[in-house]
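K.L.:
fold the following, please.
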Amino acid sequence: MAMENLKPTIWTRFLQIALQKILIFANLTNQNYTGEARVGGSVKFLQIGEVAVNDYTAGSDMTFETLDDASLTMTIAQQKYMAFTLEQVDTTFIPVDVMNAGINRGAYRVRDTIDQYISGKYAQAGVTYGSAATPKTTSSGTVIQHLAEFYETMTEANIPLENRWAACPPWVFTKLTLAEVTSKTPNSDTFADGHIGGVVGFGRLYLSNNVTKIGTTAHTILASSGNEAIGYAGAVNGDIRIRQAEKRRAVNVDGLWVYDSKVIRPDMLACMYSTETAN
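P.N.:
The predicted structure follows:
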């Protein structure tokens with residue numbers, strides 16, 4: 001059977017590419033690390049400590065400080081796999097198309113799991129607006145006020161103004177549309193990267209169903225500047241395995257994905273607790 005001769009490393013690269021293209025929360029993370037992402041392994045996110053600024057006096061020597069290493073280490077503990085069987089009678093004529101479909105679907109499910117995992121880091125945000133106990137009740141009449149006050153809270157906490165983003169549940173777009181702030185539709189070019197932009201200082205507002213919800217009410221809207229607040233590392237563990245099934249004219253396909261995520265700059269991660277209310 002043709003599938004038995006396919007090189008597993010080809011499908012490993014295919015899965016890597018498929019995951020990278022559709023991740024949302026992971027694309028908002030720091031992936032600059034040293035080390036190998038493997039089960040039980042660890043990666044080190046490269047950071048430096050603060051640099052002091054001193055008064056200069058003409059004729060006097062400057063004081064040179066040692067640059068501190070503020071890097072953080074994260075252990076890779078999360079493991080998820082996908083596995084499916086392809087019957088020979090179903091794949092004799094179009095094996096590659098079926099394999100593509102199976103791995104693409106597996107990549108989608110892995111992405112969904114990773115997105116939810118990273119979104120769940122909201123509790124480690126160092127800056128908050130509202131709380132789980134008293135979330136902001138957001139309607140079309142208050143959505144701009146709440147986003148503006150959230151933006152102000154971030155500014156007062158010295159989170160840089162550049163490249164600010166927020167990850168919101170889809171109903172936030174509805175409130176903004178009803179408030180006549182944006183008339184863009186989900187089919188607009190601005191959604192090519194999964195976000196709208198230019199709303200009360202936030203350069204990008206991402207829409208995701210994976211924004212963590214507490215109970216049946218409050219959503220945890222994460223926001224930051226750039227991608228330094230959350231660290232993430234992941235990799236396909238070994239090759240995608242393609243093996244002849246025992247006692248069946250079929251092929252078993254499986255792959256293992258290992259990953260983990262950690263808040264490495266809580267001072268740069270903000271969370272707005274918000275509950276949707278009547279329009």
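K.L.:
give me the neighbour count for the residue nearest to Asn158 when sequence neighbours are not counted.
P.N.:
Closest residue to Asn158 in three dimensions, ignoring its sequence neighbours and counting by C-beta to C-beta, 6 or more residues apart in numbering: Asp267, at 7.7 Å. C-beta here means a position set from N, CA and C on the backbone, and glycine is covered the same way. Burial measure for Asp267: 14 neighbouring residues, criterion other C-beta atoms under 10 Å.
K.L.:
ramachandran angles for Asp267?
P.N.:
Summarising the backbone geometry of Asp267 under the convention degrees, to the nearest 10, its torsions are phi -70, psi -10.
K.L.:
isn't it right up against Ala157?
P.N.:
Yes - applying C-beta atoms under 8 Å as the test, Asp267 and Ala157 come out as touching, 7.1 Å apart.
K.L.:
which residues do the two both contact?
P.N.:
Applying C-beta atoms under 8 Å, 6 or more residues apart in numbering, one finds that Asp267 and Ala157 are jointly contacted by 126-127.
K.L.:
residues contacting Asn54?
P.N.:
62-63.
K.L.:
could you list the low-pLDDT ranges of the stretch 151-279 of the chain?
P.N.:
Scanning the stretch 151-279 of the chain with the threshold set as pLDDT under 70 gives 182-195.
K.L.:
helices of that one, start to end?
P.N.:
With DSSP state H, counting those that start in this stretch, the ranges of helices along the stretch 151-279 of the chain come out as 170-178.
K.L.:
now the strands: where do they sit in it?
P.N.:
Read by DSSP state E, counting those that start in this stretch, the stretch 151-279 of the chain holds these strands, from start to end of the chain: 164-168, 195-196, 204-207, 213-214, 218-225, 230-236, 241-244, 250-263, 270-276.
K.L.:
next up, the contacts around Glu162.
P.N.:
Each residue near Glu162 by C-beta under 8 Å, 6+ apart is listed here: 225-226.
K.L.:
so how far is Gly226 from it?
P.N.:
Using C-beta to C-beta, to the nearest Å, Glu162 is found at 7 Å from Gly226.
K.L.:
name the residues that touch stretch 147-158?
P.N.:
Stretch 147-158 is contacted by residues 126-129, 161, 164, 166, 199-202, 221, 223, 225, 267, 270, 272 when judged by C-beta under 8 Å, 6+ apart.
K.L.:
count of neighbours near Gly40?
P.N.:
Residues near Gly40, counting by other C-beta under 10 Å: 9.
K.L.:
so Val251 bridges to which residues?
P.N.:
When bridges are called by DSSP bridges, Val251 pairs up with Leu86, Gln244.
K.L.:
how many other residues sit next to it?
P.N.:
Counted with other C-beta under 10 Å, the neighbours of Val251 add up to 23.
K.L.:
please apply the same query to Thr216.
P.N.:
By other C-beta under 10 Å, neighbour count at Thr216 equals 6.
K.L.:
list phi and psi for the residue of the chain positioned farthest from its centre.
P.N.:
Counting by C-alpha atoms, centre = their mean, the extreme residue of the chain relative to its mean C-alpha position is Gly59, 51.1 Å from that point. The phi/psi pair for Gly59 (degrees, to the nearest 10) reads phi 90, psi 0.
K.L.:
try Asn30
P.N.:
As for Asn30, its main-chain torsions (degrees, to the nearest 10) stand at phi -80, psi 120.
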